[in-house]
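Trainee: sequence plus the predicted model coming up.
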Amino acid sequence: MVVSGSLERLQMASMVASVGAVSGNEVTVFLSMNALSHFTTVVSAPPLPEGPFGKLLQDKKVPGFKQLFHQAVELGDAKIHPCSMAVDVLGVGAGDLEPWLGEPQGLTKFLSDAHGGQVWSF
Amino acid sequence: MTDRKIIDARGSFCPGPLMELIARLKFAAVGEEFEVLSTDKGSASEIPEWLHKVGHELLDSREEAGVWHIALKKTK
């Protein structure tokens, strides 16, 4: 569950999702709140760091968080769903979202699917 | 001797080298060998750990002048 729009949290979430997915785990990502806009054409500015480590991330050759989420889908069959509420609040359509995202999903469905599994929030 | 394909991931940080390897393995045939070059110390332990977890064969792992050379074979 990814809700933060900060660089560090998006980066860490993408690392967990990608490595987890390519290691044989079933991974579902739910994007909402400030995180979701970074997967749309609504926000073109990159996420801001929340601390000094985020500034280091910007300076180093670290794989980008969107690249890692995309690889989680392509290489590990991860499912990444925008939160349907956040989609409505942002007022974005399917054409405004990254094409490798899944269909918008409600919280009830996500919680139902995640029942019994590990839930990580960022 | 089997041709060993080089994956030059020097300069990239974790999990970049691992993801570059997995992207190549996806389209490789069983038995193909690869050697990942990485300057990221974390990847030098992460890649063998991943190979062990998913069942590919680690052939060699050594460090030369700050570059890790991780050789492996796709086994399935």
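Mentor: Done, it's in. Numbering: from 1, shown residues only, chains lettered A, B, ... in the order given.
Trainee: quick check: phi and psi on the closest residue to chain B within chain A?
Mentor: Nearest residue of chain A to chain B: residue A:63, at 4.3 Å (Cβ to the nearest Cβ). Backbone N, C-alpha and C define where each C-beta goes, glycine included. Taking degrees, to the nearest 10, you get phi -60, psi 140 for the backbone angles of residue A:63.
Trainee: ok, how many other residues are close to the closest residue in space to it that isn't next to it in sequence?
Mentor: Once flanking residues are discounted, residue A:63 sits nearest to residue B:16: 4.3 Å by Cβ to Cβ, 6 or more residues apart in numbering or on different chains. The local packing of residue B:16 (other Cβ atoms under 10 Å in any protein chain shown) involves 21 other residues.
Trainee: so where do the strands sit in chain A?
Mentor: A:28-31, A:79-82 (DSSP state E).
Trainee: quick one: closest of those strands to residue A:93.
Mentor: strand A:79-82 (11.1 Å; Cβ to Cβ).
Trainee: tell me the residues of chain A that contact chain B?
Mentor: A:15, A:18-19, A:22-24, A:60-63, A:68, A:71, A:74-75 (Cβ under 8 Å from any Cβ of the partner chain).
Trainee: narrow those to those that are buried.
Mentor: A:15, A:18-19, A:22, A:62-63, A:68, A:71, A:74-75 (16 or more other Cβ atoms under 10 Å in any protein chain shown).
Trainee: and those residues, which two are furthest apart?
Mentor: So, these by Cβ to Cβ: farthest apart are A:62 and A:74, at 18.9 Å.
Trainee: ok, and for stretch A:101-115, which residues are buried?
Mentor: A:101, A:104-105, A:110.
Trainee: quick one: these as TSV, columns for distance to residue A:9 too.
Mentor: Formatted as TSV, the buried residues of stretch A:101-115 follow (distance: Cβ to Cβ, whole Å):
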residue	distance to residue A:9
A:101	18
A:104	21
A:105	20
A:110	18
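Trainee: out of those residues, which comes closest to residue B:42?
Mentor: residue A:101 (28.6 Å).
Trainee: and that closest one, what pLDDT?
Mentor: pLDDT for residue A:101: 97.
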